[in-house]
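Colleague: From the sequence below, what's the structure:
(one chain, ligands or ions: 2)
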Amino acid sequence: MQEITIIFDLDGTIVDTAPDLHGALNHSLRRAGRDIIDLEHVRHMVGRGARVLLERGLEATGGLPESERFEELVEDFFTYYQEHLSDQSRPFEGVVEALETFRDAGAVMGVCTNKPMRFAKDLLIDLNLAQYFKATTGGDSFKVRKPDAGHIIGTLEAMGHNGGRAYMIGDSISDIDAAHNAGIPCIAVSYGYTETPVHKLGPDYIIDHFNELVPLIRQIG
Ligand SMILES: O=C(O)COP(=O)(O)O
Ligand SMILES: [Mg+2]
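Modeller: Ligands and ions are numbered 1, 2, ... in the order given. As a prediction, the model looks like this:
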């Protein structure tokens, strides 16, 4: 494998975070006197960060409250989620093996997520994944975030990218658009949290299981 740089999305791509996001969202919806939402519905709401997730949850259960109340709920949601980041969230099958293989092959790896940085950092530590990544950037690391090219470019810079081959691996339109906006190819996973199937979102390659990633990258270089 030639020297390669790989940027991974987090939620829905390398870690199945939906169960804990679901738990935190329902905690906040109960606080707001709303109905709770089922897991399948919540899976499709993930992708634009925790704040947008809460916004979407409230919109789906009666609408957004006035802004002061909304900010209180955001704070409460963040506090609860911080304490339950890795209760049930686990790496998808094949992820650890692939990261080991890439590391042994000398690939430089990073994480580019729209999740707030403090959650991303703690979650990767909890799951023993932080060791694989040269840099992690969150939805609040820069002035912009995915799908803006600046989030990918900032992540590449933080990884010390030298201009060689780079790939983005993601599950949503934000990942695919961000990669393309930054001029790098995107490999989409088909099992993630997007409502629209990824084949309709224009990725360069699609994998259905993480164990397809190493052979694919070996093949395309
Ligand atoms: O938490 C989110 O909404 C998005 O996170 P992701 O960018 O890692 O998919
Ligand atoms: Mg994602």
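Colleague: what domains does the record give for the chain?
Modeller: What automatic domain parsing lists as the domains of the chain is 4-16+90-220, 18-83.
Colleague: what about the residue lying closest to residue 208 once chain neighbours are set aside, neighbour count?
Modeller: With sequence-adjacent residues excluded and distances taken as CB to CB, 6 or more residues apart in numbering, residue 208 is closest to residue 190, at 4.9 Å. C-beta: built from backbone N, CA, C; applies to glycine. By other CB atoms under 10 Å, 15 other residues sit near residue 190.
Colleague: Nearest to ligand 1, out of the domains of the chain?
Modeller: Comparison of the domains of the chain against ligand 1 by CB to the nearest ligand atom identifies domain 4-16+90-220 as nearest, at 3.3 Å.
Colleague: wait, does that closest one contact ligand 1?
Modeller: Yes. For domain 4-16+90-220, a contact with ligand 1 is found by CB under 6 Å from any ligand atom, at 9, 10, 11, 12, 113, 114, 115, 172.
Colleague: Let me know the closest of those to residue 21.
Modeller: The shortest approach to residue 21 among these belongs to residue 11, at 7.4 Å (CB to CB).
Colleague: Now do the contacts for the closest one.
Modeller: Listed by CB atoms under 8 Å, 6 or more residues apart in numbering, the contact set of residue 11 reads 17, 18, 21, 46, 47, 113, 114, 115, 171, 193.
Colleague: follow-up on the earlier one: quick one: which of the residues of domain 4-16+90-220 next to ligand 1 is most hemmed in?
Modeller: residue 113 (33 neighbours).
Colleague: residues touching residue 196, list them.
Modeller: If you count contacts by CB under 8 Å, 6+ apart, then residue 196 has residue 173 around it.
Colleague: ok, now how distant is it from residue 96?
Modeller: Distance of residue 196 to residue 96, computed by CB to CB, to the nearest Å: 29 Å.
Colleague: same deal with residue 46?
Modeller: For residue 46, the distance to residue 96 (CB to CB) stands at 21 Å.
Colleague: just to revisit the earlier point, just give me the least confident of the contacts of residue 11.
Modeller: On pLDDT alone, residue 47 ranks lowest of the contacts of residue 11, at 85.
Colleague: packing partners for the helix ranked longest in the chain?
Modeller: Once the chain is assigned using DSSP state H, the helix that runs over the most residues is helix 67-83. Contacts defined by 3 or more CB pairs under 8 Å, 6 or more residues apart in numbering; DSSP states H and E place helix 67-83 against helix 18-31, helix 50-60, helix 117-126.
Colleague: Just the buried residues of it, please?
Modeller: Under the neighbour-count criterion of 16 or more other CB atoms under 10 Å, helix 67-83 has 70, 73, 76, 77, 78, 80, 81 buried.
Colleague: From those residues, pick the one nearest residue 129.
Modeller: residue 81 (17.9 Å).
Colleague: give me every residue that touches that closest one.
Modeller: Neighbour list for residue 81: 20, 21, 24, 50, 119 [criterion: CB under 8 Å, 6+ apart].
Colleague: who wins for most neighbours among those residues?
Modeller: Neighbour counts for the contacts of residue 81 (other CB under 10 Å) peak at residue 21, which has 29 neighbours.
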